[in-house]
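Student: Quick one, structure for this:
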Amino acid sequence: MERRIAIVTGGTSGIGKEIARGLARAGMLVGIVCRSELRAAATVEELTADVPGARVETFIGDLSVQMDVRRVAASLEERFERLDVLVDNAGAYLLRAKVSADGYDRVIATNHLGPFLLTNLLLGLLERGAPSRVVVVASEAHRFSDRLDVERMAEPWSYGPAGALRVYGRSKLLNILFAQELARRMEGSGVTANAVCPGFVATSLGRDVRGTERVMALCSHTPVMRTPAQGARMALRLALDEEFEGRSGGYRTSTPGAGMLPTVEALRDPELRRAVWDRSVRLVGLPAL
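Tutor: Model prediction:
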């Protein structure tokens, strides 16, 4: 039987690796998009040793660099005739502002513009694989977003630790808005899109913060923080479970108690979703639709 195909960005560590592992266990051919060839090779070795019969391939590129994203998308189109699952998982959290190769805030470039561009470039493959699914890994940190100025949402500016969470929160708010609008635009195509918060997970996301990985590893043994494998569960359900077949435009959170909090008003605004989409199209150089 021909294998189904799944692509996971940021699949060499943390939640992404566990999502890739779960998809491989489900019998899918898994393509991992990542920046490091060494970590890619180590991940392939680990997953193929852990999952009998697993097929794992790697595609090297930095999601903050639009040229890399386009090259990866071209490689995927050359390699595959269709896609069944795309998990936009790769992310960055920086304590201090950095500028991407294309002149944007690097957190916004990595967490939103890169996945936005990659997903749009792969829509043809996803439509050929329909029914297919896009899963966008977001976060409850979207609640900490600064005010969303759509025209300036990717503009680089100087900030330190105090502003880092607000910018990261903005990127996660953009993730959810993107998934919502993608779901609307793909209605009737057989391609569904949903966003998910994996909960507070011990990962290397904040690896530029001294001591973070050690603290998170210790916390992962307490009820305060989840392990990457636990954090991957909801994303895997959205990617694989029959329960979510045909369901689109949702935001699922794995953070305990978060479902009782009120919805952020920005997520109730369809005009804002469309404005974010249109602005993102211009920022990544896609043709306007």
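
Student: When you work out contacts or count neighbours from here on, use the C-alpha atoms and nothing else.
Tutor: OK.

Student: Now do the helices in the protein.
Tutor: 14-25, 37-50, 66-79, 106-108, 114-121, 123-128, 161-185, 212-219, 228-240, 270-284 (DSSP state H).

Student: Run the angle between the third one and helix 270-284 for me.
Tutor: Read it as helix 66-79. Interaxial angle, helix 66-79 versus helix 270-284 (axes from the mean of the first three to the mean of the last three C-alpha atoms, to 10 degrees): 90 degrees.

Student: Helix 66-79: which residues count as buried?
Tutor: 66-70, 72-73, 76-77 (16 or more other C-alpha atoms under 10 Å).

Student: any idea which of these is closest to Leu113?
Tutor: Gln66 (8.3 Å; C-alpha to C-alpha).

Student: do you know how far the residue nearest to that closest one when sequence neighbours are not counted is from Arg35?
Tutor: Counting by C-alpha to C-alpha, 6 or more residues apart in numbering, Gly114 is the residue found nearest to Gln66 once chain neighbours are left out, at 6.6 Å. To Arg35, Gly114 is 13 Å away according to C-alpha to C-alpha, to the nearest Å.

Student: So those two - more neighbours on which side?
Tutor: Ranked by neighbour count (other C-alpha atoms under 10 Å), Gly114 and Arg35 place Gly114 first, with 25 against 19.

Student: Return the residues in contact with that one.
Tutor: By C-alpha atoms under 8 Å, 6 or more residues apart in numbering, the contact list for Gly114 reads 63-66, 69.

Student: 10 Å - rerun?
Tutor: 62-70, 88, 90-91, 108, 280, 284 (C-alpha atoms under 10 Å, 6 or more residues apart in numbering).

Student: Out of those, the closest to Gly259 would be?
Tutor: Nearest to Gly259 among those, with distances taken as C-alpha to C-alpha, is Asp88, at 22.2 Å.

Student: Kindly state the pLDDT recorded for the closest one?
Tutor: We have a pLDDT of 98 for Asp88.

Student: cool, and Thr212?
Tutor: pLDDT, Thr212: 42.

Student: what do you get for Ala258?
Tutor: 79.

Student: residues near it, how many?
Tutor: Ala258 has 14 nearby residues by other C-alpha under 10 Å.

Student: so who does it touch?
Tutor: 140, 197, 199, 252 are the contacts of Ala258 under C-alpha under 10 Å, 6+ apart.

Student: Top of these by number of neighbours, please.
Tutor: Neighbour-wise, the contacts of Ala258 (other C-alpha under 10 Å) top out at Cys197, 25 neighbours.

Student: Quick one: residues contacting that residue.
Tutor: Contacts of Cys197 (C-alpha under 10 Å, 6+ apart): 136-142, 172, 176, 231-232, 234-235, 251-255, 258.

Student: Go again with 8 Å.
Tutor: Contacts of Cys197 by C-alpha under 8 Å, 6+ apart are 137-140, 251-255.

Student: tell me which residues in stretch 89-104 are buried?
Tutor: Those would be 89-100, 104, for stretch 89-104 by 16+ other C-alpha under 10 Å.

Student: That stretch spans what distance, first to last residue?
Tutor: Terminal residues of stretch 89-104 are spaced 20 Å apart (C-alpha to C-alpha).

Student: What lies in contact with it?
Tutor: By C-alpha under 8 Å, 6+ apart, stretch 89-104 touches 8-11, 15-16, 63-66, 105-107, 109-111, 136-137, 154-161, 164, 168, 205-206, 208-209.

Student: now swap in stretch 75-88 and tell me
Tutor: By C-alpha under 8 Å, 6+ apart, stretch 75-88 touches 4-9, 59, 115, 119, 122, 124-137, 239.

Student: And the contacts of Gly114, which is closest to Gly22?
Tutor: Taking C-alpha to C-alpha as the measure, Gly22 sits nearest to Asp88 out of the contacts of Gly114, at 15.2 Å.

Student: Dump the buried residues of stretch 89-104 to JSON lines, plus distance to Arg147.
Tutor: Shown next, in JSON lines, are the buried residues of stretch 89-104 (distance: C-alpha to C-alpha, whole Å):
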{"residue": "Asn89", "distance to Arg147": "24"}
{"residue": "Ala90", "distance to Arg147": "24"}
{"residue": "Gly91", "distance to Arg147": "21"}
{"residue": "Ala92", "distance to Arg147": "20"}
{"residue": "Tyr93", "distance to Arg147": "18"}
{"residue": "Leu94", "distance to Arg147": "19"}
{"residue": "Leu95", "distance to Arg147": "19"}
{"residue": "Arg96", "distance to Arg147": "19"}
{"residue": "Ala97", "distance to Arg147": "17"}
{"residue": "Lys98", "distance to Arg147": "20"}
{"residue": "Val99", "distance to Arg147": "20"}
{"residue": "Ser100", "distance to Arg147": "22"}
{"residue": "Tyr104", "distance to Arg147": "18"}
